[in-house]
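Peer 1: Compute the structure for the input listed below.
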Amino acid sequence: MEGKRSGKIKGIHGRLGDLGTIPAEFDVAISTACGALNHVVVDNTQVAQRCCDLLRSSGAGVATFLMLDKQQHLAPKCQTPPDGAFPAQRLVDLVCSSPRA
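Peer 2: Numbers count the residues shown, from 1 in each chain. Coordinates of the predicted model:
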């Protein structure tokens, strides 16, 4: 995240868990079941590669990246209302996304 704060790397959105909110009554269940909340959301593969290079050169550890350009095929499924066949709400329907900076 230093690359984002310092402005060294453009296209970093942040930690997935910080980009939206969920109702308090689902917090423990979702936080427990969704390990991807710690993934870093970036625009594309090139941004992820620059982040990996920065992590490697600074010895800061490792991270997992979600590249938005690789997720576009999922958008129609997220925008389609559930058919009611499954009795629980979908996670995507519970998240309130934060406005983009």
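Peer 1: Against A75, how distant is the most far-flung residue of the chain relative to its centre?
Peer 2: Centroid-distance maximum for the chain: A85 at 26.9 Å, with Cα atoms, centre = their mean. In this view, A85 and A75 are 21 Å apart by Cβ to Cβ, to the nearest Å. For glycine as for every other residue, the C-beta is placed from the backbone atoms N, C-alpha and C.
Peer 1: One more: G11?
Peer 2: G11 is 19 Å from A75, by Cβ to Cβ.
Peer 1: The two: which has the busier surroundings?
Peer 2: For G11 versus A75, neighbours defined as other Cβ atoms under 10 Å are more numerous around G11 (17 against 9).
Peer 1: give me every residue that touches the more buried one.
Peer 2: Contacts for G11 (Cβ atoms under 8 Å, 6 or more residues apart in numbering) come out as V42, D43, N44, Q46, V47.
Peer 1: Which member of these is positioned nearest F65?
Peer 2: When the contacts of G11 are compared for distance to F65 (Cβ to Cβ), V42 wins out at 5.3 Å.
Peer 1: For the closest one, the count of nearby residues, please.
Peer 2: 26.
Peer 1: same thing with D43?
Peer 2: Applying other Cβ under 10 Å, we find 14 other residues in the vicinity of D43.
Peer 1: Can you verify my assumption that it contacts D69?
Peer 2: Yes: counting by Cβ atoms under 8 Å, D43 does reach D69; the two are 6.6 Å apart.
Peer 1: got a list of contacts for the longest helix anywhere in the chain?
Peer 2: Scanning the chain for the longest helix, with DSSP state H as the assignment, gives helix 45-58. With contact meaning Cβ under 8 Å, 6+ apart, helix 45-58 is reached by 2-3, 8-12, 40, 42, 60-63, 65, 67, 69-70.
Peer 1: List only buried entries from those.
Peer 2: Neighbour counting by 16 or more other Cβ atoms under 10 Å classes G3, I9, G11, I12, V40, V42, A63, F65, M67 among those as buried.
Peer 1: among the residues you listed, which are in strands?
Peer 2: Among the buried ones among the contacts of helix 45-58, the members found in strands (DSSP state E) are I12, V40, V42, F65, M67.
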